[in-house]
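Colleague: Predicted model, plus sequence, below.
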Amino acid sequence: MDKLHFTYEDIHRTAKDIAERVKASGFDPHMIVAIGSGGFIPARILRTFLSKPILAVGISYYDDEDRPTDLPRKVQWIEEAERKLAGKRILLVDEVDDSRTTLEYCIRELMRHEPSEIAVAVLHDKDKEKRGVIPDEVSRYFAGLRIEDRWVCYPWDADDIDAHDEAARKGV
């Protein structure tokens, strides 16, 4: 599969744009919930612009060789979730909406704790048919960029950041 590289600067600008759209929409989350590991850095950048605390969940949909598994699974969950999530407005953050399976799984798990509202923010939404769905309970969906269906290479996964950024500059 062809690859698509993004720099930290690309990610920062995209997150800032998402934050501006979140504010303009009138959605004022009580907290950001980051889906780990890909959502950690975008969530932290969004925190800069939204000034909201971050909680983290670990959901794994890929195996050790980056192949999708049959179903997502919890790796880490929010301690005392009911107390922290009940009645709260949550902005759920991940880096990419690929198959949508991880997002759907996480949203359904969060809904079990009765938040008042959930919105979703992703840096990149792949333009392809999705296996999962965004449940009706989600009030808003913010995608930074809609991209073609290519393997996305994020800077936080790079062994050689200079080579990574060069590939991003070349548009590959």
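Modeller: Received it, and whenever you're ready, just let me know what you need. Worth saying up front: this structure is predicted, and the values here are computed from it rather than measured.
Colleague: The top helix by length along the chain - contacts with which helices or strands?
Modeller: For the chain, the longest helix by residue count, based on DSSP state H, is helix 8-25. Contacts defined by 3 or more CB pairs under 8 Å, 6 or more residues apart in numbering; DSSP states H and E place helix 8-25 against helix 40-50, strand 117-126, strand 138-147. For every residue, glycine as well, the C-beta is placed using N, CA and C.
Colleague: partners of the last one in the sheet?
Modeller: By that I understand strand 138-147. Strand 138-147 has the following sheet partners, assigned by DSSP bridges: strand 117-126 (parallel).
Colleague: for the partner strand, the distance to its chain's centre please.
Modeller: Relative to its chain's centre, strand 117-126 lies at 6 Å (CA atoms, centre = their mean, to the nearest Å).
Colleague: Need the contact partners of it.
Modeller: 6, 11, 14-15, 18, 22, 25, 27, 29, 42, 46, 89-98, 103, 107, 110-111, 134, 137-149, 152 (CB atoms under 8 Å, 6 or more residues apart in numbering).
Colleague: What of stretch 39-59?
Modeller: Contacts of stretch 39-59 (CB under 8 Å, 6+ apart): 11-12, 15-16, 18-20, 22-23, 29-37, 72-78, 84, 91, 93-95, 102, 105-106, 109, 121-123, 154, 156.
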